[in-house]
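In: Next come a sequence and a model predicted from it.
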Amino acid sequence: MLKWLAIGLIILTGELTFGQLPVDTLRYYSLQEVKNADPDTVLALDLSKEKLEKLPADLKKYNNIRGLKLTKNKLTELPDFFKDFKELRFLYADKNRFSSFPSEIFHLKRLEWLDISRNKISTIPEGIKALENLVFLDIWDNRIESISPALTELKKLQWLDLRGTTFSPDFVEEWTNAFPQATVKFDNPCDCLK
């Protein structure tokens, strides 16, 4: 009975795994919508589904943005000016063509939310430790072959999605135990890979 009461309270209050995750309440605009706006007043941009192979140079003038959606493009790299987005907290870079983790992301010290799922990334490099405020990391459906131990330095991480690659039971246990405060998602392990 007590168990069901607790579950009912969780449902009513909405306090479960996502209770501590940052919530993106930003209003996103297209570049077209903000072309005449003062760049310092633009806080969130949506460049999703634009079939972009590289980011437009105009983007660099919006260095005050807190949120950026790059979902479903053809990006393979990020420009050097990306490092200047020091206020960025939410980055959606899913469904692109990144084959490696863009190092420019590691300069975004305030980043809390990173969705880089559905790319072709094979390694989570040591540079990941620079994202000390990261709470949510989604790298689902990549081709992860190695993960730097530096990932464990992300002490604020509460959500880590590594599904899309099958790992050994030992590997899954090791990385799940590395983040006792987080929800860590893996596909069912098998002894087929080490």
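Out: Cool, got the structure.
In: ranges for the helices of this structure?
Out: In chain order, the chain shows helices spanning 2-13, 169-177, with DSSP state H as the criterion.
In: Which of the ones you listed comes out lowest on mean pLDDT?
Out: Taking each of those in turn, the one with the lowest mean pLDDT is helix 2-13, at a mean of 40.
In: got the residue ranges for the strands in the protein?
Out: In the chain, strands defined by DSSP state E lie at 44-46, 67-69, 90-92, 113-115, 123-124, 136-138, 146-147, 159-161, 183-185, listed in chain order.
In: Same list (those) but as a markdown table, adding distance to residue 54, mean neighbour count and mean pLDDT.
Out: Bear in mind the C-beta positions are built from the backbone N, C-alpha and C, glycine included. Written out in a markdown table, the entries for the strands of the chain read as follows (distance: least, Cβ to Cβ, whole Å; neighbours: other Cβ atoms under 10 Å; pLDDT from 0 to 100):
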| stretch | distance to residue 54 | mean neighbour count | mean pLDDT |
| --- | --- | --- | --- |
| strand 44-46 | 15 | 20 | 98 |
| strand 67-69 | 15 | 22 | 98 |
| strand 90-92 | 17 | 23 | 98 |
| strand 113-115 | 20 | 22 | 98 |
| strand 123-124 | 22 | 18 | 96 |
| strand 136-138 | 23 | 23 | 98 |
| strand 146-147 | 27 | 14 | 94 |
| strand 159-161 | 27 | 20 | 97 |
| strand 183-185 | 31 | 16 | 95 |
